[in-house]
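# output the structure for:
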Amino acid sequence: MLSPRTPWQVTRAVWHALFMREALARTTSNRMAWFWMLLEPIALVAMMVGIRSVISSGQHNIGGVHFIPWLICGLFSFFLFRENMIRSIGAVSAYKGLFSYRQVKPIDPVFIRCYLEGMLKSFIFMLFIIVGLLLEIDLFPAEPLEALFVWLLLWMLGLGAGLTLSVLSDLVPEIGKIINLTSMPLILISSVMIPLNYLPHQIQRYLILNPIVHGVESLRVCFFDSYRAINGISIVYLSIWALGLVSLGLLLHLRFAVRLKAQ
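Take a look at the predicted model:
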């Protein structure tokens with residue numbers, strides 16, 4: 001007679017099945033899936049380098065760091081957060097058919113999508129670091145352990161936003177549409193492509209309220225010894241936001257679990 005599985009064993013089995021399904025859908029949805037994942041950061045870097053070469057008048061350093069590694073670090077920081085947030089919207093509705101199995105909870109596909117996005121973005125970022133080293137571009141972190149910690153905090157920030165919005169967008173579909181529209185303009189106020197050092201102090205003090213700024217700038221500080229970030233950047237602030245959003249998302253999933261399954 002087989003002994004009953006523990007709740008943790010059941011959860012692991014569910015997560016493994018969902019992960020395999022999501023990974024296959026994400027990476028083999030079409031022949032160009034991997035190409036597009038690589039093309040987006042390459043295209044943005046090329047576009048921004050081209051624009052800067054026209055308007056910078058020979059100035060290629062930002063805060064003591066060359067523009068290209070500065071930009072790559074910022075883009076991947078933002079993409080890690082954004083993809084967790086965006087791909088969590090609609091995750092619950094995409095797996096409605098599986099909720100008839102009591103082992104599958106509405107929170108499971110959100111966790112799996114964020115986990116998969118974290119793996120993919122980390123892998124592609126590592127590819128960029130390796131290629132950068134081969135091209136003699138300084139992309140290796142000066143403080144690897146601290147950089148990994150900030151990277152995990154950014155992932156948690158995206159996970160928290162994803163958990164929260166996966167519930168809200170399922171209850172109020174218009175919220176998902178609004179977030180999708182504002183996700184790209186968000187890149188302009190997150191110190192990804194526009195250095196905060198170049199903005200007036202009156203604007204900086206409002207933009208620094210954005211936790212993504214703290215993640216992006218903290219990661220750059222960990223990557224580049226010579227980088228000079230603006231005053232007020234704090235890993236503690238980023239941690240508070242990450243833990244707060246994750247807690248809020250978990251509470252919302254707990255409160256509306258029955259309603260999410262029924263809709």
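# correct me, but residue 189 touches residue 209?
No. Contact criterion CB atoms under 8 Å: residue 189 and residue 209 do not qualify, at 10.0 Å. In this view, the C-beta of every residue, glycine as well, is placed from N, C-alpha and C.
# give me the common contacts of those two.
With contacts defined as CB atoms under 8 Å, 6 or more residues apart in numbering, no residue is shared by residue 189 and residue 209.
# those two: which has the busier surroundings?
For residue 189 versus residue 209, neighbours defined as other CB atoms under 10 Å are more numerous around residue 189 (16 against 10).
# quick one: residues contacting the more buried one.
Neighbour list for residue 189: 207, 210, 213 [criterion: CB under 8 Å, 6+ apart].
# let me know the pLDDT of the second one.
The predicted structure scores residue 210 at 93 on the pLDDT scale.
# likewise for residue 188?
Note for residue 188: predicted pLDDT of 84.
# burial measure for it, as a count.
Counted with other CB under 10 Å, residue 188 comes out at 11.
# so it belongs to a strand, correct?
No. Residue 188 is assigned helix when assessed by DSSP: H, G, I helix; E, B strand; the rest coil, not a strand.
# that one touches residue 195, doesn't it?
No. At 12.0 Å, residue 188 and residue 195 do not qualify as touching, with contact defined as CB under 8 Å.
# relative to residue 166, how far out is residue 194?
In this view, residue 194 and residue 166 are 30 Å apart by CB to CB, to the nearest Å.
# which helix or strand in this structure has the lowest average pLDDT?
Scoring the helices and strands of the chain by mean pLDDT, DSSP states H and E places helix 33-55 at the bottom, with a mean of 70.
# run me through the strand neighbours of the next helix or strand after that one, direction for each.
Counting by DSSP states H and E, the element after helix 33-55 in chain order, helix or strand, is strand 61-62. With DSSP bridges as the test, strand 61-62 is paired with strand 65-66 (antiparallel).
# in terms of helix, strand or coil, where does residue 194 fall?
Classified using three-state DSSP, residue 194 is coil.
# now swap in residue 139 and tell me
coil.
# now do the contacts for it.
By CB under 8 Å, 6+ apart, the contact set of residue 139 is 69, 72, 73, 128, 129, 132, 133, 223.
# which two of these have the greatest separation?
73 and 133 (14.0 Å; CB to CB).
# give me the more crowded residue out of the two.
Taking other CB under 10 Å, residue 73 and residue 133 do not tie; residue 73 has more neighbours (27 against 12).
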